[in-house]
Structure formats: structure tokens, C-alpha cells
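[1] Structure for this input, please:
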Amino acid sequence: MTLSTTDTTWYPVASSTDLPLRHVFHGQLLGRELAIWRADDGNVNVWENRCLHRGVRLSIGINEGGELKCQYHGWRYANRSAGCTYIPAHPADAPARRITNTTYPAVEAFGLVWSANNGAAEFAPFDGSASAEWLALRPMPINATTEDVLKALEGYAVTAEKGILGVATVTERLPGLAVKVTVELKEGHRSIVFFVQPVDSNRCVVRGLLDHTFPDINAQLRSHNEGLVQLRDRLERLAEKKPIPEPLTPSFEKVSVELSTMPEITIGSALTLRAMVKRKWATATGITAFELTALDGNHLPTFQPGAHIDVHLPNGLSRQYSITNGPGELLSYTIGVKRDLASKGGSEVLIDTVREGDVLAISEPRNNFPLRRDTIRTVLIAGGIGITPILSMARFLAKSNLPYELHYIVRSEDQIAFRDQIDALGANVTLHIGLPRAAIAETITKTLGAHSFAQHVYICGPGSLLETVRTTAADLGWPDEAVHYEYFRNDRVIDDSSAFEVELARSAMTLHIPSGKTVLEVMREAGLQVSSSCEQGACGTCLTGVMEGTPDHQDVYLNASEKRANNCMMTCVSRSLTPRLVLDI
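    Numbering: from 1, shown residues only. Down below sits the predicted model:
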């Protein structure tokens, strides 16, 4: 029998009891090491057992319930997708989407966890699996070849001396590396099924399932444990006299050195997903929640707290909505939509015409509002519908047992969105209901206090609230890099009356930007593929480096110090104060 590292057979790789709460189990299959762990939502993950950064085993990592954290440099990976959600060396940036660990299929059945190489057929139970309730035996590691172990199991005998009271034994090979043992008893026949888990060319683990209706089940367990120990000892004595076979050498994808450099910040908004509206409900007065799920039933792409998706609407508009999910919740995305009578029809179309069961086109998640997780104190401030990205941040921090406080400002009790999730956060949340406008600044002052090392504040909500928090934080000595914010839109009046030249350094092009047209529009007319999203100077998707010249910043995305530096700009709204700009594009 020849084992192959490309074998796509399903094998048991762990017992269900090997995966207690917040544990990571070190599994092995066909020469590969596996990190096997159960998330708090019950999902079992089987991953390649290495962090993509330095190759450290993830089996010694920390299971945080929705993410797995590497012990070495703290990289975090999401439940289900194994996508990287946080890199401590770059705490202010969302990791690039390409940073995703190798995952393997996983099924939990009969008290065992089963896996295979990618490309395996759909998991199928063994013959006779539905005829009994099964109890998993203690696994037995054996330093012998799979072929020798299978031959020994085919001769496995059950005798009265073992305490089984069996009068006859019949063994039968099953598809895959499995042997079924049928024991004739006075009460009728009972079955034991043994599976061989090939660890390497000369090592394997025998895992057994015992018919739960055997009489005197405790005696059964003791007897089969004794029988397998004797089988192991005999096989290992024989193996010592045989040549050692060549070990299995599975191939591994080469880890790019780029993974340890600065992650991607801007990501294109190409349509890559179709999602179904699984659920729609009113979560607060004037706010409707939508739960979006993948059409194929699989998990959705990895996201980080603060991320948003583009939703492409039936009327041709595209709008951005923040994801409220907690860590590792990838079976669906939940967004909140506020009815805005002053909008161009985006919110009204979603709320009035989109129904449960409808299919929408959405982008993969992007994050221009990433959360740092290296702080001593994190202050989260939300106003109204601004709770959506802030709620995701709070849920991530709560799951990781990191200190934070959430302040939610609303006009009335009925405007508290996602109340069940807010209440689940407990004492970390302070609700500010019906605050007079004049009292908001005072409340913010008390909330923030004087700045000290490793304190950060995150704000999302109406423009007036963001301006109040930013101004107050500056007066209290909070540096720009400690104040993070996300505008839903740019309410400032844009002056597009200027005309100027733009040189695109990497594209070897010079373009004339006339009055009434944006840099972004002219670049697209010239045939360039340029990423954008809100096109209001609020989301940061079109952020572009400036090599020469002085931009006329008209966005609400950059903070004051970033604008003073004049080394980047938003091409969707910003213009030039000099006759010529050189852009790094």
C-alpha cells in the first residue's frame, strides 16, 4: 500500500473530546501537521499548522473563540476562512486579503473529527453508520506502517477472556483504511469499526467506534483498550526489525516575504460576490437591518472590525455599509441602513423595495477604519447609525478580553440600533439618551479626559458629532494619530472651479484637469483603472500619493496632520493649489 500526500480520502484526525473550550489540538495526517480547533460558534477548523509570518505552530496559539492568535508575534486568523485579521506590527492597518492560511475540509461526526486534503469528495458515512449509536474509543498511536496495522486489525479477535463474552468474530474491510469487526453475542450481533489515521509512512493512529448498545459498556472499553495496546506492542516490535520507509514529504505553498511588509490599505471595489438577503428587520426607529449570506452557503470573505462593503442597488446606485459582525462570524454579514430622506435614493431603495430572498451584488470587505488592539484604553463613541462599525469593534475587543468602553449617543430610546447586541456587551456600554446639543461637548470632555500613552478613540456618526469629538480631543491634548474616525459622507461644499495639470509618475502621462471635473474622472477618461467608492472624499478608497505640488484638500478622510504633510490626497474631490501636481500613480 502506497500512501500519497495528495490522497483525498476522509480520515479521522481527532476525537471530539480533543477540542474542549478554547483549546487548539495538534493533529497530523499524511505527513502534514494540523491545527484543529473549535470556535465558540461550534465550527471546527482544520488548518495547516503554521503562522504565515514566521512558520510558528498555531497549535501552541491562543483560541479566542472567533480568532486564533499566534503566540510569537500575535498575528490573528479568523474562524472559518483562516484570513488574517490583525498584524500587531502594523496596528493601524487592515491586513491584506492575500494573507490567508491553508484550510482543509472538516466534518464532525460519530464523536470524531474528519478531514482530508483539499479536493476531497463530499464526506460520506461508513456502511452501517446509521444502524447504531457510536462511542469513540481511546485513540491508539502506533509506530508501524498503515499496511501492517490494517493486516493486524483484520485479524483482530474478540474472546471471552477479554471480558467481551463474544462467541464469534467476523472482520470486514471497508472502503478507505477501515476494518469492521462484528461480534456475535447472546443478545445478537454488535459492531466495532476501526479507522487508521495515516500520520506518516511509518506512523499511524487507530481510532475506533464502538456500538453503544454493547452489554457492560465499561468492560468493553477496558477490553478494547487492552486489545489495542497488545496489538500496538506486537506491531512496534516487528517494525523495529524492518527498514524505515521514506517519510512523506507534503508540498507547502511558499510564504511570500511580502507578507511581513506593510499590508494593503486600498482595495478595488470590483463585484466579486452575490449575496442573498436572508433576513430583514427593523432594529430601531428609521433603521433597518439586513443579514446577507452567500448563495452557495459557504462562508463569506474575512473582514476586520470597522470594515464595510459596497452594496449595489437595483436602481444602479452603489452605497457603502459597515459590517456589524463579531470575530469569526462569516456565514453572513449584517448591516444597518438608516432611512435618509435627503439622500439620492440609496437607503430608500434598500428599505422599501429589497425583500428577504432577494439577491444583491456586493464587494468584498474593505477597511479604511481599522481597529488597533495594542492599546491600554480604547474609547468607542457612536452616534445614531454610526453604531454599525463601532459595534463590530466592541464585539472584537470583548471577545479578546481587551479593555474598552463604548459610548452610544442617541436622541431617544427607540433609536438604539441592535439593542440585543448592545445589551450583550454589558457594563462596557454607556447609553447617552436625549442629550441636549450643548451637553454633548461636556459629555465628550468627561469621557475622554487627558490623553496618556496607548489611549485611542474611535468615532462614527453624524458630521457634527465627529467635529465635536475631534475638536474636544485636540483641546485635551490627544494627538491626531490617537483619534480615529469615519464619516458616512462629506457634507462640505466642494469648490471645483480650479484648473491644473496632473503628471502621473508611474503611468508616464500628463493630464489636464479642467474646472468642473475631478482628477478621478479625468484619469478614468484616459483609460486608467482607478479604485474608488464613495466619491465624496469620505471613505479613503481613492487615496493617492503626492510627489510634488500642493493639494487643495477638500475631503473629510485625512486628519489635520496628514493634510499638512501634503504627501497624499483624495482624487475624487481634492484639487491643487499649485499649477501642477505629480501623483504616484
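[2] And the strands in the stretch 51-200 of the chain?
    For the stretch 51-200 of the chain, the strands defined by DSSP state E, counting those that start in this stretch cover 62-63, 67-69, 76-78, 84-86, 103-104, 106-109, 112-115, 134-136, 140-142, 168-174, 178-185, 188-200.
[3] Between these, which one is closest to residue 540.
    Closest to residue 540 of the strands of the stretch 51-200 of the chain, according to Cβ to Cβ: strand 84-86, at 19.0 Å. Heads up, the C-betas are built off the backbone N, CA and C, glycines and all.
[4] How far does the closest one sit from its chain's centre?
    8 Å (Cα atoms, centre = their mean, to the nearest Å).
[5] Excluding sequence neighbours, find me the nearest residue to residue 18.
    Ranked by Cβ to Cβ, 6 or more residues apart in numbering and with sequence neighbours excluded, the top spatial neighbour of residue 18 is residue 25, at 4.6 Å.
[6] can you tell me the helix or strand for the one you found?
    For residue 25, the enclosing helix or strand under DSSP states H and E is strand 24-29.
[7] now residue 22
    Going by DSSP H and E, residue 22 is not in any helix or strand.
[8] The nearest residue to it once chain neighbours are set aside bridge partners, please.
    Once flanking residues are discounted, residue 22 sits nearest to residue 63: 4.4 Å by Cβ to Cβ, 6+ apart. The bridge-partner assignment for residue 63, based on DSSP bridges, gives residue 68.
[9] from what I can see residue 63 touches residue 19, true?
    No - the criterion here is Cβ atoms under 8 Å, and residue 63 misses it with residue 19 at 9.3 Å.
[10] How much space separates residue 75 from residue 21?
    Computed as Cβ to Cβ, to the nearest Å, the residue 75 to residue 21 distance reads 22 Å.
[11] scratch that, residue 133 is what I was asking about
    Distance, residue 133 to residue 21, by Cβ to Cβ: 24 Å.
[12] So between the two, which is more surrounded?
    When residue 133 and residue 21 are compared on other Cβ atoms under 10 Å, the one with more neighbours turns out to be residue 133, at 11 against 8.
[13] Provide a list of residues in contact with the more buried one.
    Neighbouring residues of residue 133 by Cβ atoms under 8 Å, 6 or more residues apart in numbering: 211, 212, 213.
[14] Go ahead and build a ChimeraX selection from the buried members of those.
    ChimeraX command restricting the contacts of residue 133 to the buried ones, with burial defined by 16 or more other Cβ atoms under 10 Å:
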select :211
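[15] before we move on, the earlier item: which residue of residue 63 and residue 19 possesses the greater neighbour count?
    residue 63 (23 against 20).
[16] Could you confirm residue 314 falls within a helix?
    No - Residue 314: not assigned to a helix; according to DSSP: H, G, I helix; E, B strand; the rest coil it is coil.
[17] Quick one: residues contacting it.
    Applying Cβ under 8 Å, 6+ apart to residue 314 gives the contacts 349, 353, 354.
[18] In the stretch 401-550 of the chain, what residue spans correspond to helices?
    Counting by DSSP state H, counting those that start in this stretch, residue ranges of the helices within the stretch 401-550 of the chain are 419-424, 437-448, 463-475, 519-525.
[19] which parts of the shortest one are buried?
    The one in question is helix 419-424. Using 16+ other Cβ under 10 Å as the test for burial, helix 419-424 gives 421, 422.
[20] Give me the helices and strands touching that helix, please.
    helix 387-399, strand 429-433 (3 or more Cβ pairs under 8 Å, 6 or more residues apart in numbering; DSSP states H and E).
[21] any idea how far the residue nearest to residue 18 lies from residue 106?
    Residue 25 sits 12 Å away from residue 106, going by Cβ to Cβ.
[22] list residues touching both of the two?
    Common contact partners of residue 25 and residue 106 (Cβ under 8 Å, 6+ apart): residue 36.
[23] Name the helix or strand of the protein that has the lowest mean pLDDT.
    strand 168-174 (a mean of 82; mean pLDDT, DSSP states H and E).
[24] what does that strand contact?
    With Cβ under 8 Å, 6+ apart as the test, strand 168-174 has contacts from 126-127, 150, 153-158, 179-184, 193.
[25] thinking residue 176 is in contact with residue 11, fair?
    Yes - counting by Cβ under 8 Å, residue 176 touches residue 11, with 7.3 Å between them.
[26] Of the two, give the one with the bigger neighbour count.
    Between residue 176 and residue 11, counted using other Cβ under 10 Å, the more crowded position is residue 11 (24 against 13).
[27] Now the more buried one. Nearest residue, chain neighbours left out?
    Nearest residue to residue 11, sequence neighbours excluded (Cβ to Cβ, 6+ apart): residue 197, at 5.1 Å.
[28] okay, now the one you found: neighbour count?
    25.
[29] Flag every buried residue along whichever helix in the chain runs longest.
    With secondary structure taken from DSSP state H, the chain has its longest helix at helix 217-239. For helix 217-239, a neighbour-count test (16+ other Cβ under 10 Å) marks 220, 221, 223, 224, 227, 228, 231, 232, 235, 239 as buried.
[30] With stretch 277-292 instead?
    277, 278, 280, 283, 284, 286, 287, 288, 289, 290, 291, 292.
[31] got it, and stretch 500-516?
    Going by neighbour count (16+ other Cβ under 10 Å), the buried part of stretch 500-516 is 500, 502, 503, 504, 511, 513.
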